[in-house]
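A.B. asks: here is my input; please provide its structure:
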Amino acid sequence: MTESELRAVLGANLRYYRNFRGLTQAKLAEKLDISPNFVSDLENGKRWLSSDTLVNLSDTLDIAAYELLKPDFPLSGDTEFFMEKYSREAAALTVDAVAQALEKLRCKYRKSSLSR
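C.D. replies: Take a look at the predicted model:
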C-alpha cells in the first residue's frame, strides 16, 4: 500500500468515526487542540499525522488506533457494535427457528401418538 493510499484509508475511517460520534470537524479539532483545516486535510488524504495525534484521535473517538488505519473500510467501522448487533439478530433468528422446529416435532409426535 502506498502512502497516498494509506492517507486515503485514514481519511475515510476518520470521517466515518467522526460522523458516527456526531462530531463536526470543528468540534473534533477543538477536542484535540488542532485546526479544523488539519482535520479536513486528514479526511481528504492531503496530510499525514504524528503518532501522538493518532493516539489522541483514537482516544477522542473511543476506538483503537489501528481502526483508523484498517484498509477494509467500511467494514472497519465500529466492528464491535455491528458484530454485537448482528450476532443478537442471528441468535434471535436461530431461537425462532429452533422454536418453530420444536413445535413441528410436537405436532408430528401428537399425530403419531394419536394414531396408535
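A.B. asks: what are the boundaries of the helices in the protein?
C.D. replies: Here the chain has its helices, by DSSP state H, at 3-20, 25-32, 36-43, 51-61, 79-114.
A.B. asks: who's in contact with the second one?
C.D. replies: When contacts are defined by Cβ atoms under 8 Å, 6 or more residues apart in numbering, helix 25-32 is touched by residues 18, 23, 35-36, 38-40, 43, 53, 56-57, 60. In this view, the C-beta of every residue, glycine as well, is placed from N, C-alpha and C.
A.B. asks: cool, and the first one?
C.D. replies: For helix 3-20, the surrounding residues in contact (Cβ under 8 Å, 6+ apart) are 1, 24-25, 28, 39, 42-49, 57, 61, 63, 67-71, 73-74, 76-78.
A.B. asks: tell me the buried residues in that helix?
C.D. replies: Residues of helix 3-20 classed as buried: 7-18 (neighbour count, 16 or more other Cβ atoms under 10 Å).
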